[in-house]
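> predicted model follows, preceded by the sequence.
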Amino acid sequence: MQTVTIKNLTKNFGSAVAIDNLSLNIEKGKITGLIGADGAGKTTLLRTIIGLLIADSGEIDVLGFNPVTQKDELNLHIGYMPQKFGLYEDLTVIENLKLYADLKNVPHDFDKMLEFTTLAPFQDRLSGALSGGMKQKLGLACTLLGNPEFLLLDEPSVGVDPISRRDLINMVREMITPHTTVLWSTAYLDEAHNFDTAVVLDKGRVIYEGKPHDLAPTPQEFENKVIDLMGGYNKEESLIAKNYDYQAPNVELTVEADNLEKRYGNFYAVKNNTFKIKKGEIFGLLGPNGAGKSTSFKMMCGLARPTSGTARIMGIDIKKNPEKARANLGYMAQKFSLYGSLTVKENLDFFALAYGIKVLEKNKKVNEVIEVFGLKEYENYKAEELPLGLKQRLSMAAALIHNPPVLFLDEPTSGVDVLTRRDFWNHITSLAKKGVTIMVTTHFMDEAEYCDRISLFYKGETIAVGTPAELKQQAGANDMETAFINLIKESEVSK
Ligand SMILES: Nc1ncnc2c1ncn2[C@@H]1O[C@H](COP(=O)(O)OP(=O)(O)OP(=O)(O)O)[C@@H](O)[C@H]1O
Ligand SMILES: [Mg+2]
């Protein structure tokens, strides 16, 4: 039995081909993973399946409905979680759940959902005040309400921590019936490896369709095979690092935090964050959703005022001299924060000028980052129209266009395809070799291995700090993911 049958589907946006004569069946009662490069057509395909977009040609049947002419009937049978799920930010967690339950006409029975999402202690918090990962979990919970027959999830695990990512999958598996069909788009290949079927898209075409295990038995082999299918990764010299003209710092400690603390009412988002980072170090802040990583970054960048404590960038106090300190850093926010209605090029022009790059140099610089980050064919797209992975590339480009000595990158690789992730890390490690200090957060545990040192953060506090090898040793683990899980469990026990 098929839930979706697609024949010769084509969808163009202007001169750009998003879906190219694609034929595909999605089997009932199975979890199908949708993977592919940034801009490969994943979101367009999902939207076309549920009738939000209308194809230029081809046929689609979804649960016996035509999504174009029978969109409303079809809607009653599906649960769709878009990349930017429509949470009501000025309603609390529980109010959002109630609202979606009412819309779907289902009872207010949320205990299991709240337990699965670990949102129970925060049910009265405004959803706008949740961390990025907590919002994803709430969005998924709202989508699952009412047990839809067909779930379409557009990168639900973006920004979700490794422990919760397992919980999300378990949550979906437990909440669905044997007849529920799930179409799950993801950039996490270890996740896709666990699904019944994998569909790999490239430039709007299906380049692989089958059991992930048939392609490769282990998650690592699967990742390598998918990379091969996508054209392979060739590590090249980082042009970003090569052309990074900057004044090498004359201080040894480039980033310092002294007892940084952030309180909201009685809640401590960050309790006591102290560390000293050396020139050229790659320092990773890891931790579960809501641990206080982004809040720490924002305080260190002078974007949120600490309740107490302070930070210094290149020895300059961020509280006393915010402008001077900020001139020394580049910040890439977790949430896309560039100008959505400006084009890619206009955004970069804006940031280049705002950071004081001279007009003559500006064009060269902007063209260079457009080239290096693979944005050439998108330079005239509005930023808000870009696929997620390309938004991340643009944000990264904007953060470093003025060549600062210190970079704060908050989940730079979330939602980015596997090839581009390697590319980003090639730039990061090459910049660090030139003496640029990099503060970074990630939920990809394989990326943690690229860090010189890591601080594991939990409930606003550092629970462990050291090199990746030291943390693994301390946790008695062979890999970072197990180390992460063990250290967090240990800290729970000792509390
Ligand atoms: N304005 C606010 N009011 C109340 N609580 C807040 C506010 N802003 C942030 N918080 C809370 O502070 C905590 C830390 O959030 P933060 O965004 O720093 O976490 P994070 O470690 O970056 O998580 P993630 O991995 O999900 O991005 C969360 O519990 C969040 O809900
Ligand atoms: Mg965060």
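Here it is on my side, so go on. Ligands and ions are numbered 1, 2, ... in the order given.
> packing partners of the biggest helix by length in the chain?
Taking DSSP state H as the criterion, the chain has its longest helix at helix 418-433. On a contact count with 3 or more CB pairs under 8 Å, 6 or more residues apart in numbering; DSSP states H and E, helix 418-433 meets helix 219-229, helix 239-242, strand 282-286, helix 388-400, strand 437-441. Any C-beta I mention is one placed from the backbone N, CA and C, and that applies to glycine too.
> what does the chain have sitting close to ligand 2?
132, 293-294, 334 (CB under 5 Å from the ion).
> out of these, the closest to residue 71 would be?
residue 132 (30.7 Å; CB to CB).
> ok, back up a step: okay if I get the helices and strands packed on helix 418-433 as JSON lines plus mean pLDDT, distance to ligand 1 and mean neighbour count?
What follows is the helices and strands packed on helix 418-433, written out as JSON lines (pLDDT from 0 to 100; distance: least, CB to the nearest ligand atom, whole Å; neighbours: other CB atoms under 10 Å):
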{"stretch": "helix 219-229", "mean pLDDT": "94", "distance to ligand 1": "22", "mean neighbour count": "17"}
{"stretch": "helix 239-242", "mean pLDDT": "92", "distance to ligand 1": "25", "mean neighbour count": "16"}
{"stretch": "strand 282-286", "mean pLDDT": "98", "distance to ligand 1": "8", "mean neighbour count": "25"}
{"stretch": "helix 388-400", "mean pLDDT": "93", "distance to ligand 1": "14", "mean neighbour count": "24"}
{"stretch": "strand 437-441", "mean pLDDT": "98", "distance to ligand 1": "7", "mean neighbour count": "26"}
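> now the ones you listed in CSV, with distance to residue 114?
Formatted as CSV, these follow (distance: least, CB to CB, whole Å):
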stretch, distance to residue 114
helix 219-229, 30
helix 239-242, 44
strand 282-286, 25
helix 388-400, 27
strand 437-441, 26
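> just so I have it, where are all the strands in the stretch 51-200 of the chain?
57-62, 78-81, 150-154, 181-185, 197-202 (DSSP state E, counting those that start in this stretch).
> report the angle between the first one and strand 181-185.
Between the direction of strand 57-62 and that of strand 181-185, the angle (axes from the mean of the first three to the mean of the last three CA atoms, to 10 degrees) works out to 130 degrees.
> quick one: residues in contact with strand 57-62.
2-10, 21-22, 48-50, 66-68, 74, 78, 150 (CB atoms under 8 Å, 6 or more residues apart in numbering).
> break this structure down into its domains, please.
Per automatic domain parsing, the domain ranges recorded for the chain read 2-229, 239-328+404-493.
> which residues touch the spatially most central residue of the chain?
Compute the mean C-alpha point of the chain, and by CA atoms, centre = their mean the closest residue is residue 414, 2.3 Å away. Contact partners of residue 414, counting by CB under 8 Å, 6+ apart, are 158-159, 334, 392, 442-443.
> next: residue 322.
Contacts of residue 322 (CB under 8 Å, 6+ apart): residue 302.
> can you name the residues of the stretch 51-200 of the chain that neighbour ligand 1?
Proximity of the stretch 51-200 of the chain to ligand 1 (CB under 6 Å from any ligand atom) is limited to residues 125, 129-134, 159, 161.
> can you rerun that using 5 Å?
Within the stretch 51-200 of the chain, the positions adjacent to ligand 1 are 129-133 by CB under 5 Å from any ligand atom.
> one step back: would you turn the strands of the stretch 51-200 of the chain into JSON lines with mean pLDDT and mean neighbour count?
Shown next, in JSON lines, are the strands of the stretch 51-200 of the chain (pLDDT from 0 to 100; neighbours: other CB atoms under 10 Å):
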{"stretch": "strand 57-62", "mean pLDDT": "97", "mean neighbour count": "17"}
{"stretch": "strand 78-81", "mean pLDDT": "96", "mean neighbour count": "22"}
{"stretch": "strand 150-154", "mean pLDDT": "97", "mean neighbour count": "24"}
{"stretch": "strand 181-185", "mean pLDDT": "97", "mean neighbour count": "25"}
{"stretch": "strand 197-202", "mean pLDDT": "96", "mean neighbour count": "23"}
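> I'd like to know which of those strands is closest to residue 34.
Closest approach to residue 34 among the strands of the stretch 51-200 of the chain (CB to CB): strand 181-185, 4.0 Å.
> what angle sits between the closest one and helix 388-400?
Using the same axes, to 10 degrees: strand 181-185 against helix 388-400 is 20 degrees.
> run through the neighbouring helices and strands of strand 181-185.
Using 3+ CB pairs under 8 Å, 6+ apart, strand 181-185 sits against strand 2-13, strand 16-27, strand 31-36, helix 42-49, strand 150-154.
> apply 7 Å and report the result again.
Helices and strands touching strand 181-185, by 3 or more CB pairs under 7 Å, 6 or more residues apart in numbering; DSSP states H and E, are strand 31-36, helix 42-49, strand 150-154.
> quick one: residue 343 from residue 390, how far?
12 Å (CB to CB, to the nearest Å).
> what of residue 337?
Residue 337 is 15 Å from residue 390, by CB to CB.
> in this structure, what residue is nearest ligand 2?
residue 294 (3.1 Å; CB to the ion).
> list the contacts for that residue?
131, 334, 410 (CB atoms under 7 Å, 6 or more residues apart in numbering).
> which stretches of the stretch 351-495 of the chain form helices?
359-372, 388-400, 418-433, 445-448, 468-475, 480-493 (DSSP state H, counting those that start in this stretch).
> just these: most buried one?
helix 388-400 (a mean of 24; mean count of other CB atoms under 10 Å).
> okay, angle between that one and strand 437-441 too, please.
Angle, helix 388-400 to strand 437-441, by the same axes, to 10 degrees: 150 degrees.
> return the list of helices and strands in contact with helix 388-400.
By 3+ CB pairs under 7 Å, 6+ apart, helix 388-400 packs against strand 329-332, helix 344-354, strand 406-410, helix 418-433.
> residue 96 is nearest to which of those?
Here strand 406-410 is closest among those (CB to CB), at 24.1 Å.
> near ligand 1 at all, the closest one?
No. Strand 406-410 is not in contact with ligand 1 by CB under 5 Å from any ligand atom; minimum separation 7.2 Å.
> what average pLDDT does that strand get?
Strand 406-410 carries an average pLDDT of 97.
> show me what that strand is in contact with.
Contacts of strand 406-410 (CB under 7 Å, 6+ apart): 254-255, 294, 297, 300-301, 313-314, 328-334, 399-400, 436-441.
> change it to 6 Å
Strand 406-410 has contacts (CB atoms under 6 Å, 6 or more residues apart in numbering) with 254-255, 294, 297, 301, 313, 328-334, 437-441.
> repeat for stretch 374-385
For stretch 374-385, the external contacting residues (CB under 6 Å, 6+ apart) are 338, 340-341, 343-345, 347, 370, 390.
> at 7 Å instead, please
Under CB under 7 Å, 6+ apart, the answer for stretch 374-385 is 338-345, 347, 370, 386, 390-391, 393-394.
> tell me which element residue 247 falls in.
Here residue 247 is covered by no helix or strand, with elements defined by DSSP states H and E.
> that one: what's it in contact with?
residue 405.
> separation between it and residue 254?
Counting by CB to CB, the gap from residue 247 to residue 254 is 12 Å.
> ok, and the closest non-adjacent residue to the residue of the stretch 301-450 of the chain found nearest ligand 1?
When scored by CB to the nearest ligand atom, the stretch 301-450 of the chain has residue 334 as its residue closest to ligand 1, at 5.6 Å. Spatial nearest neighbour of residue 334, excluding adjacent residues (CB to CB, 6 or more residues apart in numbering): residue 410 at 4.1 Å.
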